[in-house]
Structure formats: C-alpha cells, structure tokens
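A.B. asks: sequence and predicted model, in that order:
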Amino acid sequence: MALFTSYHSHLPLHIQDDFHENEVYQLNGSFEDIVKGWTFDEFYSFVKDRVVFFTHETAISISCDSPSHHEYAIDVSFIFSSRSYKKRTLCISGVDARATTRTLNFILRLVLGNRHNISNDDRSDEEGIEVIFKCFATTPRKKLGSLDLLFLRINKNRIKFSFQFLSLEKSHCQEIFNHVDNLSSVEFRQCEVEGWKFCNNVDKITDSTTKINGGPQKLTISCSQHEFREFAEGRMLSNSTTINDLHLFLHFMLVDLDIQYLTSTLSNNSQRLERLSIEYLDLDDKSWTAICKALHNHPSLKILTLTYTEMYTDSFRRFTPERRRSRTDDILQLLNRNKILQEINWPRFQQDESLITDIEQCLAENKKTAIADTSLLLT
C-alpha cells in the first residue's frame, strides 16, 4: 500500500483548479510510518513540490501555496548549524490553529525526536538546531497549536526556539520552560504571551523546598509596552529559573512606570542572571541612573550591554559633555559597588573618555578577582 496517494479529486471543487493533479497528495498511513521509515530530508524532498494533506483539515506545503480554504497557516523553519543547506521551512496550514496541532508536533518529532531522521554524514552530537515558529503579523496575534515536547528529552542536540508574531497560552509556557532540559534558548518576537507567571521552571515539593526543572538558559524578548509589563509582573526571573542570559528589545518610549517594572525585575527577580542586554528606543538620564542603581548589588551579573536601536546614531542624538560625564559616572559608581561585573558595553557617544581608564581598571580588578575565586574552588 502506498504511503501517499492522490488527493486532488477530494478537494472542494473551487479549490481543485488551484492545483495540478500531481501536486496534491494525502497520507494513506500514519505519522509513525513516516517517523520510522523516512528521514527528514526524504520527507522534505517529497513534499517540496506538492501539498500533502494529513487530514482534510490540515496540510503541509513548501513551494506550493497552501490551500485557500485553510484559513490558518504557520511557517516552521529549521536551521542546522552544521549542514550545507542550513535552513528548511515548511508551511503547516489548517482550518484553524487547533487543526494543525498533530501535524505540527509530528514535524517537530520527525526533525528533533530521533537522530536517524537527519541524514547527514558530518553531523555531531553537538549540532545546534534552531526552530522558528512564525505566523503573519496580525492584531490580535494568531494562536499557536498545542505543543508536546516530552520527546525532546531523548535529543542530544542544542535546541533553540523562536516564536514570532504568535499568541501563546499558559500551556505553551509550561511546556517550553518546565519540561525541556536541552532547550538552550527561547525567543519571543512581538508575541502575546498569556502566562508569564507560569514560566518559572520549578516544582514545589514542600513549603520550604523546591526543585528546579530543566529549562532554557537564554531568553530574548522583543515586545510591546503592554507585553513588557506582563512579563515583568510575571516575575519569571526568580531564583528558581535556569535563565542566566536575558536580552530585552524594548522598542517603545519608556515611561516612569516601565522603568519601575524594569528596575524591580533586575533588583528582585534575577538572582541567576549573568548576562543582560537591553536595547531600547529611548532612555532619559533619570532612567539610566535608575537602571545602574538597580544593579549595584546584583549577585551574579557579569556582562551588561545598554544600547539604542540602530535608528539612533551619534550625529542624530548628540550628547552634551555634561550628559556624557553623568552617564559614565553612573557606570563608574556601579562598578565601585558591584565587584561581579566584568564587562560593560554602551554607546561610545555617551562616554566621557576621561573616566574610561578608571572603568577599565575596575573591570580588570573584577576579572582578576573572579579568576582567583575560580582557582580556589578548583583546589
């Protein structure tokens, strides 16, 4: 029995004219038949110039347009760090997000679930794989189908997830942050996330004891003002999280309330954070000082980056000598209080060159102390 058979005659009449007879197929077996018998490369080659229906409600396509009677579509891209073609993208379409759930999880399992499904002679256990889930940007955002990631526990590769222009629910957060040990990085790009407070990857055992589950070490967020406040209120950067690398892209005008959210997050809920990068649309001197002060007593932060978006350049936003000195002095005061920091980066046109030598000396002393402490631990 053929695993795939022609499906053209089963299409609605007004859809049949959109495709040639040899372009549309249906799965005549099961997902397991593909997972056990096909590599991802073989499956990708078969689908490349076709539309393959897994049910009448959902299909996969690559080069062909998705069926017009499927009102929902999500692109899933896989980027492989050690492969010649680098990136593969499939479009999963359906009557709605729910209809795509089984097919979405099948594709993830086919690529990530079993290593034999990737036919590559020079692959290694250290191969990195990035998975990008992307919908067309709409308001409100389109929902993501349910995720089942338990199979990732047997995968040895370093995996990154990027969610773009999607709406995610509580169940997605729990699946991403609480159950996957080898998920090294997660990005939310202009998403709507319901359930930031459920992202703490911790199990409560008793009133006084907690168990930290596996979870991503790096978190990248590019979001709206409203979404940033939801993130801050979620208090997910608590001492129970595995995240130690945070990148915030705040492309909106920060007001006092946003700065309060940000400084509160940095002061109280980021005890494991070692790397912090904040890219913002605008930041006044008062807010700059507040952020620096919030990090005075941070117990683990080693690398700090504060930068503008690319639209701002030295010629467009020129600082007076007084403002450059004020901001540079804030950095110097931060280093005089915080002996953990080893690297600080911020725009050169905001720096007072007369204080840079003092800052470099403080950073050098902090690095020297860190090396000495490490040596003591190893002896």
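C.D. replies: Here it is on my side, so go on.

A.B. asks: which stretches of the stretch 251-379 of the chain have low pLDDT?
C.D. replies: Applying pLDDT under 70 to the stretch 251-379 of the chain flags residues 268-270, 309-318, 376-379.

A.B. asks: I misspoke; the intended subject was the stretch 51-200 of the chain.
C.D. replies: In the stretch 51-200 of the chain (pLDDT under 70), the answer is 114-127, 179-180, 198-200.

A.B. asks: quick one: the helices in it?
C.D. replies: Here the stretch 51-200 of the chain has its helices, by DSSP state H, counting those that start in this stretch, at 101-108, 170-178.

A.B. asks: tell me how far the residue lying closest to residue 21 once chain neighbours are set aside lies from residue 53.
C.D. replies: The shortest distance from residue 21 to any non-neighbouring residue, by CB to CB, 6 or more residues apart in numbering, is to residue 8 (4.6 Å). Where C-beta positions appear, they are placed from N, C-alpha and C, glycine not excepted. Distance, residue 8 to residue 53, using CB to CB, to the nearest Å: 10 Å.

A.B. asks: between these two, which is the more surrounded one?
C.D. replies: Per other CB atoms under 10 Å, whichever of residue 8 and residue 53 has more neighbours is residue 53, with 23 against 16.

A.B. asks: is the more buried one in contact with residue 28, as I believe?
C.D. replies: No - the criterion here is CB atoms under 8 Å, and residue 53 misses it with residue 28 at 10.4 Å.

A.B. asks: residue 366 - how many residues pack around it?
C.D. replies: Count around residue 366 with other CB under 10 Å applied: 18.

A.B. asks: distance-wise, check it relative to residue 245.
C.D. replies: Separation of residue 366 from residue 245 (CB to CB): 19 Å.

A.B. asks: got it, and residue 365?
C.D. replies: Taking CB to CB as the measure, residue 365 falls 24 Å from residue 245.

A.B. asks: quick one: which of these two has more around it?
C.D. replies: The residue with more neighbours, out of residue 365 and residue 245, is residue 245; 18 against 13, by other CB under 10 Å.

A.B. asks: quick one: contacts for that one?
C.D. replies: The contact partners of residue 245, by CB atoms under 8 Å, 6 or more residues apart in numbering, come to 185, 217, 218, 219, 273, 274, 275.

A.B. asks: select the longest helix from the protein.
C.D. replies: Secondary structure of the chain per DSSP state H: the longest helix is helix 353-378.

A.B. asks: got the contact list for residue 63?
C.D. replies: 48, 49.

A.B. asks: try 10 Å
C.D. replies: Shown in contact with residue 63 (CB atoms under 10 Å, 6 or more residues apart in numbering): 23, 47, 48, 49, 50, 51, 91.

A.B. asks: right, and the fourth one touches residue 24 too?
C.D. replies: It stands for residue 49. No - with contact defined as CB atoms under 10 Å, residue 49 does not count as touching residue 24 (11.1 Å).

A.B. asks: between those two, who's got more neighbours?
C.D. replies: Between residue 49 and residue 24, residue 24 has the larger neighbour count (other CB under 10 Å), namely 24 against 13.
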